[in-house]
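Asks: need a 3D model of the following:
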Amino acid sequence: MKYVLDASVAIKWVLPEADSAKALSLRDDYGKGIHELLAPDIFKVEAAHALTRAERRKVLLQGEAINRMVLLMQTRPLLRPFSSLLPRAMDISSQQQIGVYDCLYVALAEREQCKVVTADQRVLALFPAAAVSLDSLP
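Replies: Below you'll find the predicted structure:
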């Protein structure tokens, strides 16, 4: 199965959070070729932001974010340039009143004719036809 992987799910690969076991199972299936995982290339920036935020919240020790980022990038999804997705993402953002970053994932899922797997409840609520929750995966 092909999915667009939201950074909110990938972070669970390297941080202990709710549904981390489910996220790791998805990653393992990706490694076995069971799933194809894609993301816009802003994925790296969003992941780095989440990891440095975890340092500020004292979830990680200072300086540990970079090690987790290296680990995350070892099994990262296939990254697609965001620039061609931007016009559609801006259109979606204007219509739904949600950030462009999230809409880049939705625009990629539209283009690839698949769903976004996300842990973001707002994305799930606004895009029920385009997004699935991590806990809904088999």
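Asks: and the strands in this structure?
Replies: With strands called from DSSP state E, the chain shows them at 2-5, 36-40, 78-80, 115-118, 131-133.
Asks: for V100, find the nearest of these.
Replies: Closest approach to V100 among the strands of the chain is made by strand 36-40 (10.5 Å; Cβ to Cβ). Any C-beta I mention is one placed from the backbone N, CA and C, and that applies to glycine too.
Asks: mind listing residues that contact that closest one?
Replies: Contact with strand 36-40 is made by 1-7, 10, 26, 30, 76-82, 85, 104-105, 107-108, 112, 114, as judged by Cβ atoms under 8 Å, 6 or more residues apart in numbering.
Asks: buried only: go through the residues you listed for me.
Replies: When these are checked for burial by 16 or more other Cβ atoms under 10 Å, the buried set is 3-7, 10, 26, 30, 76-77, 80, 82, 85, 104-105, 107-108, 114.
Asks: can you flag which of those belong to helices?
Replies: Residues of those located in helices (DSSP state H): A7, A10, L26, Y30, L104, Y105, A107, L108.
Asks: as CSV, the residues you listed with pLDDT and distance to K44 would be great.
Replies: Below are these laid out as CSV (pLDDT from 0 to 100; distance: Cβ to Cβ, whole Å):
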residue, pLDDT, distance to K44
A7, 97, 9
A10, 98, 10
L26, 97, 19
Y30, 97, 17
L104, 98, 13
Y105, 98, 13
A107, 98, 18
L108, 98, 14
